[in-house]
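**Student:** coords please:
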Amino acid sequence: MDNNIKNQGGFSLVELAVVIIISGFLFATAITLYQQYLEKKRIYATQAKIDTLNSAMDRFFAEYGRYPCPADSSLGPGDVNFGVETDCSLAPPATPGISVAVGQVNDDDNLATKVATDIRKGSIPFATLKQGSTLFGQDLYQFEYSIGADDTVDTYKNKFTYVLTERQGTLDYLPRLGAIEIYDEHGTAPDNLLSRNPNNNHADYVIISHGEKADGAWPYYGNTQLGNCGTSPAKQQENCDNDDTYVSSLRYDTGANEFDDLLVFRTWANYFLWEIADVDIDIYNLNTGNVGVGGDDPQEKLHVYEGNAVADEKAVIDATQDASVLADEYCIFNAGVPGGQDCFTPDIVAGTGVNCDALDAANSGNVATVALANNTLNCDTIYNAAQNPTCGTGFMNGFTYNQATKTLQPNCVP
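**Tutor:** Got it, this is the predicted structure:
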């Protein structure tokens, strides 16, 4: 009887300990998985917010022809300029919430020419973006889109950092190419950036969530920058210092490559080849390379294949505007010869520096331009000294010019 009772007893202390240990492992694993789930949820929610901001940027650009300039990151709710863009055409305000770095704009596809330009760093100007959601005075997006202060903070309750090539925030400069250098975790330009232009690793603007560690972030309610940028991992330092270089990397949780930022960038792509200039009817070409007319491999900025560049003199816009074809030089294309060959400048035809005045003064006004050759004017006397052709007793019904003798021969009738 006693043996039967012992056989029906509960867990021993050893067995109970094993159960507790296994349960602890399972619980710890469940906690880790749940934390990973929450982190993924934060990342997806932050990405969704960035997508909304990118759409708002597109709408603003479509209406105003530029991107909004960054707002002052040090301002918070209650400040009249909270979420309002600064003016990229003016010097930046003296505030810790705005910083400026100098970058280089590639002026052509071959990177042969670079122009220094400023890069402005601040926060998302949500108030200005909301204004940009109206088109020609009509709020076409009021039911579908709503840009507010909450849209400009990530899931860690910190403001998104917004960095813009300053010339993209004005209407004053062309070409509108980006000056913000973007690199991936390997120190090379990201593939999706190079696919737009194999020679260019520059972006127009970037939007950054500084992640859970928040190195370089500005809190929504605070006016003091978070984190210690000087001691953060190298890749995260690039996104919180104030130079022209930023990193778009995969996430790393530990070690020297630790990185929890989420960065997206926008680079210029020519969806349309031509754009109307301001309020005039003039148009300009958006392509940063060469444009071909009648061919698909242009070798010059404007390359006309086997044809003519024609300006219709009747195509007059108003009394002060005549049709014209404007160029610094006119050349014949020759493969391998930069700028072509047999070039001449329009000044030869229309300028005041080359003319027949000197020869004309010595020949009593009988000189005219007879040809344009070898980049010079050919001047010649059209007839010899003053002539007085007569017909005697008949009368003259015309005259003929003799090129060889440069004399006028009267046509006489009785």
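
**Student:** immediately after the longest helix seen in the chain, which helix or strand?
**Tutor:** Using DSSP state H to assign secondary structure, the helix with the most residues in the chain is helix 13-64. Remark: after helix 13-64, the chain's next helix or strand is strand 99-106, criterion DSSP states H and E.

**Student:** Work out the sheet partners of that following strand and label each with its direction, please.
**Tutor:** Based on DSSP bridges, the pairing partners of strand 99-106 within the sheet are strand 114-123 (antiparallel).

**Student:** which residues touch the helix or strand just after the strand it pairs with?
**Tutor:** Using DSSP H and E, the helix or strand that follows strand 114-123 in sequence is helix 126-131. The contact list for helix 126-131, computed with C-beta atoms under 8 Å, 6 or more residues apart in numbering, reads 53, 56-57, 60, 68-69, 71, 82-85, 146-149, 151-152. (Glycine included, C-beta is placed from N, CA and C.)

**Student:** looking only at pLDDT, what's the mean for helix 126-131?
**Tutor:** Average pLDDT, helix 126-131: 82.

**Student:** go on, stretch 150-162?
**Tutor:** Predicted confidence along stretch 150-162 averages 91 (mean pLDDT).

**Student:** returning to that earlier point: what remains of the contacts of helix 126-131 if I keep only buried residues?
**Tutor:** 53, 56-57, 60, 68-69, 71, 82-85, 147, 149, 151-152 (16 or more other C-beta atoms under 10 Å).

**Student:** And the furthest pair within those residues?
**Tutor:** Of all pairs drawn from the buried ones among the contacts of helix 126-131, the one with the longest distance (C-beta to C-beta) is 57 and 82, at 19.0 Å.

**Student:** quick one: low-confidence ranges for the stretch 101-250 of the chain?
**Tutor:** The model of the stretch 101-250 of the chain has pLDDT under 70 over residues 106-113, 131-146, 173-176, 189-200.

**Student:** For residue 180, give the beta-bridge partners.
**Tutor:** Under DSSP bridges, the beta-bridge partners of residue 180 are residue 203.

**Student:** I figured it hits residue 163, correct?
**Tutor:** Yes - under the criterion of C-beta atoms under 8 Å, residue 180 lies in contact with residue 163, with a separation of 6.0 Å.

**Student:** Now the common contact residues for these two.
**Tutor:** Residues touching both residue 180 and residue 163 by C-beta under 8 Å, 6+ apart: 119, 205-206, 246.

**Student:** gap between the residue nearest to residue 73 when sequence neighbours are not counted and residue 84?
**Tutor:** Leaving aside its sequence neighbours, residue 73 sits nearest to residue 97 (C-beta to C-beta, 6 or more residues apart in numbering; 3.6 Å). Summarising the geometry, the distance separating residue 97 from residue 84, computed by C-beta to C-beta, to the nearest Å, is 12 Å.

**Student:** Common neighbours of these two, please.
**Tutor:** Taking C-beta under 8 Å, 6+ apart as the criterion, residue 97 and residue 84 both touch residue 71.

**Student:** where do the helices sit along the stretch 301-414 of the chain?
**Tutor:** Under the criterion DSSP state H, counting those that start in this stretch, helices of the stretch 301-414 of the chain are mapped to 347-350, 357-362.

**Student:** if we can go back for a sec, out of the shared contacts of residue 180 and residue 163, who has the most neighbours?
**Tutor:** The most crowded member of those is residue 119, carrying 27 neighbours; neighbours defined as other C-beta atoms under 10 Å.

**Student:** correct me, but that residue touches residue 181?
**Tutor:** No - here residue 119 does not reach residue 181: they are 9.5 Å apart, not a contact under C-beta under 8 Å.

**Student:** Mind listing the shared neighbours of those two?
**Tutor:** Any residue near both residue 119 and residue 181 by C-beta under 8 Å, 6+ apart counts here, and that gives 103, 244.

**Student:** Show me which residues of stretch 92-109 are buried.
**Tutor:** For stretch 92-109, burial by neighbour count (16+ other C-beta under 10 Å) applies to 92, 97-99, 101, 103, 105-106.

**Student:** Could you work out the most separated pair of these?
**Tutor:** Of all pairs drawn from the buried residues of stretch 92-109, the one with the largest separation by C-beta to C-beta is 97 and 106; the distance is 29.2 Å.

**Student:** Then residue 236 would be within a helix, right?
**Tutor:** Yes - if the criterion is DSSP: H, G, I helix; E, B strand; the rest coil, then residue 236 is within a helix.

**Student:** didn't it look like it was pressed against residue 263?
**Tutor:** No - using C-beta under 8 Å, residue 236 is not in contact with residue 263; the gap is 10.4 Å.

**Student:** Identify the contacts common to these two.
**Tutor:** Residues touching both residue 236 and residue 263 comprise residue 247, with contact defined as C-beta under 8 Å, 6+ apart.

**Student:** Report how many residues lie close to residue 204.
**Tutor:** What residue 204 shows, counting by other C-beta under 10 Å, is a neighbour count of 23.

**Student:** That one and residue 167 touch, don't they?
**Tutor:** No - in terms of C-beta under 8 Å, residue 204 does not count as a neighbour of residue 167; the distance is 9.6 Å.

**Student:** OK, contacts around the residue lying closest to residue 179 once chain neighbours are set aside?
**Tutor:** Nearest non-adjacent residue to residue 179, counting by C-beta to C-beta, 6+ apart: residue 103, 3.1 Å away. Taking C-beta under 8 Å, 6+ apart as the definition of contact, the neighbours of residue 103 are 116-119, 165, 179-181, 202, 244.

**Student:** For those, give me JSON lines that also has distance to residue 78.
**Tutor:** Output for the contacts of residue 103, formatted as JSON lines (distance: C-beta to C-beta, whole Å):
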{"residue": "116", "distance to residue 78": "38"}
{"residue": "117", "distance to residue 78": "34"}
{"residue": "118", "distance to residue 78": "30"}
{"residue": "119", "distance to residue 78": "29"}
{"residue": "165", "distance to residue 78": "31"}
{"residue": "179", "distance to residue 78": "34"}
{"residue": "180", "distance to residue 78": "31"}
{"residue": "181", "distance to residue 78": "36"}
{"residue": "202", "distance to residue 78": "37"}
{"residue": "244", "distance to residue 78": "33"}
